[in-house]
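# Structure for the following, please:
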Amino acid sequence: MARRRYNISILIGCLLLSVVLWGYVTLTRIAEDEVEVALIVEAPPNQALLSAVPRTITVRVRGSGLQILNMKYLNRSSVCRIDLARIKPSGTSMYDIERDELVRSTTLSGSLSIVSVTPSALLLTTGDLFRKQVPVHIISNIACRDGFEIVGTAQSDPSIVEVRGTRSIVEGIERWNTQKVSLDDVHEPIELQVPMSDSLMSVLNVVPSMITIRLDVQQTAELVVRDVPVDLASDDPTLRVEPSMLAVTVQGGARVLATLTPQQIGAMATSTTPGPTRPAILTPDGVRVIGTDPPFVRVVRRSP
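A predicted model of the protein is given here:
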């Protein structure tokens, strides 16, 4: 029985060794493969791209298997950046980008060589630059830790960005989104850098391309605010409210409730006829009403 276990261990060791050798040979031999490379086209000063530009180009590269693996899955810094200000136009505001220019403009991670590019040529047209300032729209999916909450709304700095491009496209833009921010288990105020959406970056330019987002997160707390006066919505001088004051239980961020005063809370009996009514409670932003004591007030007529 001991001899059989010894033979099995030898077999497993041989298999592992063969896998390692196969992987080494595969990753070190020269091979070719296709990879997607980001395409960025920079228009000349005071000009905007009129042509639709693909977001990526397909580059066929040659190198070791390890280099290709690193480029495809680990280091994605490869880019094809075309600066039209350095290229002589083939016509009035027209640029014929051929294969050699695409290859020269492509920077690859690692010592890989380019075999071919697809597409092999681009025809680009530019026109007059149009600018428009639009508000930032934050796209987010933020979940707080239990017992914490977001106070107010997320603030962006700056809150306005400038969109640059052709008039026909820019004039129809009313706001510009950020890339989606997804956070979990948030339990303290946050400040982070977020890039603007690049959905139309091939024909538009957004300045700045990165903004700062600030979000106030506080621990959830409850507070009973006593002696809140109850006003009467009716102008009838013969009517009054009983009781004239009540206690309001509110919920919100701990730092917000720490500075809350009865003067910041309003209570209104909206009924214009005698009888019981539930008062309407007005609170500052970020403060929620849990209940009142008493829950109802009564509108009564004054004694003659």
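# And the nearest residue to Val203 once chain neighbours are set aside, what's its pLDDT?
Distances taken as Cβ to Cβ, 6 or more residues apart in numbering put Leu49 closest to Val203, at 5.2 Å, once the chain neighbours are dropped. Bear in mind the C-beta positions are built from the backbone N, C-alpha and C, glycine included. At Leu49, the model reports a pLDDT of 81.
# wouldn't Leu49 be in contact with Gly165 here?
Yes - between Leu49 and Gly165 there is a contact at 7.4 Å, judged by Cβ atoms under 8 Å.
# Tell me which stretches of the chain form helices.
2-28, 65-69, 99-104, 167-170, 254-258 (DSSP state H).
# Make a markdown table from those and add mean neighbour count, distance to Leu282 and mean pLDDT to it.
As requested, the helices of the chain are exported to a markdown table (neighbours: other Cβ atoms under 10 Å; distance: least, Cβ to Cβ, whole Å; pLDDT from 0 to 100):
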| stretch | mean neighbour count | distance to Leu282 | mean pLDDT |
| --- | --- | --- | --- |
| helix 2-28 | 10 | 69 | 65 |
| helix 65-69 | 18 | 62 | 75 |
| helix 99-104 | 16 | 63 | 91 |
| helix 167-170 | 16 | 42 | 84 |
| helix 254-258 | 15 | 15 | 93 |
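# contacting residues for the residue nearest to Val203?
For Leu49, the contacting residues are Val41, Ala43, Leu124, Thr125, Thr126, Gly165, Thr166, Ser202, Val203, by Cβ atoms under 8 Å, 6 or more residues apart in numbering.
# Just the buried ones out of those residues, please.
Val41, Ala43, Leu124, Thr125, Thr126, Gly165, Thr166, Val203 (16 or more other Cβ atoms under 10 Å).
# which strand is the longest one in the chain?
Ranked by residue count under DSSP state E, the longest strand found in the chain is strand 210-232.
# Paired strands for that one, with orientation please.
As defined by DSSP bridges, the strand partners of strand 210-232 come to strand 148-157 (antiparallel), strand 190-195 (antiparallel), strand 245-253 (antiparallel), strand 266-269 (parallel).
# Buried ones in the first one, by neighbour count?
Translated: strand 148-157. Phe148, Glu149, Ile150, Val151, Ala154, Ser156.
# For stretch 240-260, list the C-alpha coordinates in PDB.
Extracted C-alpha coordinates of stretch 240-260, given in PDB (Å, rounded to 0.1, in the frame of the first residue of the first chain):
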ATOM      1  CA  ARG A 240     -57.100  78.500  17.600                       C
ATOM      2  CA  VAL A 241     -55.100  75.300  18.000                       C
ATOM      3  CA  GLU A 242     -54.900  73.000  21.000                       C
ATOM      4  CA  PRO A 243     -52.200  72.200  22.000                       C
ATOM      5  CA  SER A 244     -50.200  75.200  20.800                       C
ATOM      6  CA  MET A 245     -46.900  73.300  21.100                       C
ATOM      7  CA  LEU A 246     -45.800  69.800  20.400                       C
ATOM      8  CA  ALA A 247     -42.800  67.500  20.400                       C
ATOM      9  CA  VAL A 248     -41.400  66.400  17.100                       C
ATOM     10  CA  THR A 249     -39.200  63.300  16.700                       C
ATOM     11  CA  VAL A 250     -36.800  63.600  13.800                       C
ATOM     12  CA  GLN A 251     -34.100  61.400  12.200                       C
ATOM     13  CA  GLY A 252     -31.000  62.400  10.200                       C
ATOM     14  CA  GLY A 253     -27.200  62.700  10.300                       C
ATOM     15  CA  ALA A 254     -25.800  62.900  13.800                       C
ATOM     16  CA  ARG A 255     -23.900  66.200  13.100                       C
ATOM     17  CA  VAL A 256     -26.900  67.700  11.500                       C
ATOM     18  CA  LEU A 257     -29.200  66.900  14.500                       C
ATOM     19  CA  ALA A 258     -26.600  68.200  16.900                       C
ATOM     20  CA  THR A 259     -27.100  71.800  15.700                       C
ATOM     21  CA  LEU A 260     -30.900  71.500  15.200                       C
END
